[in-house]
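Enquirer: This is a predicted model, with the sequence first.
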Amino acid sequence: MNLKQWLYRGGRPNGVARVLDRGTAAVYARGVAPDYLVTLEVPGRRSGRTVSVPLVMVVVDGERHLVSMLGERANWVRNARAAGGEVTIRHGRREKVCLREVPPERRAAILREYLRRAPNARAHVPVDKDAPLAEFERVAPDLPVFRVGPRATRGPGPA
């Protein structure tokens with residue numbers, strides 16, 4: 001088991017990983033890292049407290065996407081689903097967005113681009129970054145992918 005796998009053994013961050021993630025999220029949120037390194041802010045599904053998570057955003061076919069390298073059990077995935085996809089992305093500024101889950105049959109190309117962009121995720125995704133698309137299709141059901149889009153605007157309330 002390598003260090004990256006140890007930090008997230010069982011699909012959950014250990015204490016060291018949580019401290020590192022907090023620091024990384026703060027750096028990404030300030031906007032001093034490359035623009036594809038972002039901080040996701042999502043309300044906790046139980047506590048309601050805002051949880052900040054550092055993530056790698058990839059752009060495929062002009063659309064932005066977030067991928068869970070830890071799969072379905074990642075807290076940010078469960079929190080985002082509980083929040084109806086309404087989250088905030090930070091990279092120097094706050095952007096209120098809506099995450100919409102990409103169906104498994106449309107994830108392969110996004111996952112391939114994600115592994116090229118996020119080398120630290122390679123320890124958690126059981127496919128080589130240069131594997132054929134069919135290999136990514138095989139693991140796609142286990143790795144949630146979300147399209148990042150604008151939040152729906154609400155019209156004015158009753159007069």
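Expert: That came in fine, so what should we check first? Quantities reported herein were computed from a predicted structural model and do not represent experimental measurements.
Enquirer: was I right about residue 41 contacting residue 55?
Expert: No. The criterion here is Cβ atoms under 8 Å, and residue 41 misses it with residue 55 at 10.8 Å. Any C-beta I mention is one placed from the backbone N, CA and C, and that applies to glycine too.
Enquirer: These two: who's more crowded?
Expert: Taking neighbours as other Cβ atoms under 10 Å, residue 41 and residue 55 compare with residue 55 leading, 23 against 18.
Enquirer: Would you mind measuring from the more buried one to residue 94?
Expert: Plainly put, residue 55 is 15 Å away from residue 94 if you go by Cβ to Cβ, to the nearest Å.
Enquirer: just for the chain, where's the confidence low?
Expert: Applying pLDDT under 70 to the chain flags residues 1-5, 9-13, 153-159.
Enquirer: helices and strands around the helix or strand that contains residue 111, which ones?
Expert: Per DSSP states H and E, residue 111 falls inside helix 108-117. Contact here means 3 or more Cβ pairs under 8 Å, 6 or more residues apart in numbering; DSSP states H and E; on that basis helix 108-117 packs against strand 50-60, strand 63-67, helix 133-139, strand 145-150.
Enquirer: winner for burial among the ones you listed?
Expert: Scoring the helices and strands packed on helix 108-117 by mean neighbour count under mean count of other Cβ atoms under 10 Å gives strand 63-67 as the most buried, with a mean of 21.
Enquirer: Now whichever helix or strand comes after it: buried residues?
Expert: Downstream of strand 63-67, the first helix or strand assigned by DSSP H and E is helix 75-82. The neighbour-count check on helix 75-82 (16 or more other Cβ atoms under 10 Å) flags 75-81 as buried.
Enquirer: Quick one: list the elements packing against helix 75-82.
Expert: When contacts are defined as 3+ Cβ pairs under 8 Å, 6+ apart, helix 75-82 packs onto strand 37-43, strand 50-60.
Enquirer: That helix vs strand 37-43, what angle?
Expert: Interaxial angle, helix 75-82 versus strand 37-43 (axes from the mean of the first three to the mean of the last three Cα atoms, to 10 degrees): 50 degrees.
Enquirer: Could you list the alpha-carbon positions for helix 75-82 in PDB?
Expert: Extracted C-alpha coordinates of helix 75-82, given in PDB (Å, rounded to 0.1, in the frame of the first residue of the first chain):
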ATOM      1  CA  ASN A  75     -18.600  12.500   2.100                       C
ATOM      2  CA  TRP A  76     -18.700  15.300  -0.400                       C
ATOM      3  CA  VAL A  77     -20.600  13.200  -2.900                       C
ATOM      4  CA  ARG A  78     -23.200  12.200  -0.300                       C
ATOM      5  CA  ASN A  79     -23.400  15.800   1.000                       C
ATOM      6  CA  ALA A  80     -23.800  17.300  -2.600                       C
ATOM      7  CA  ARG A  81     -26.600  14.800  -3.300                       C
ATOM      8  CA  ALA A  82     -28.400  15.700  -0.100                       C
END
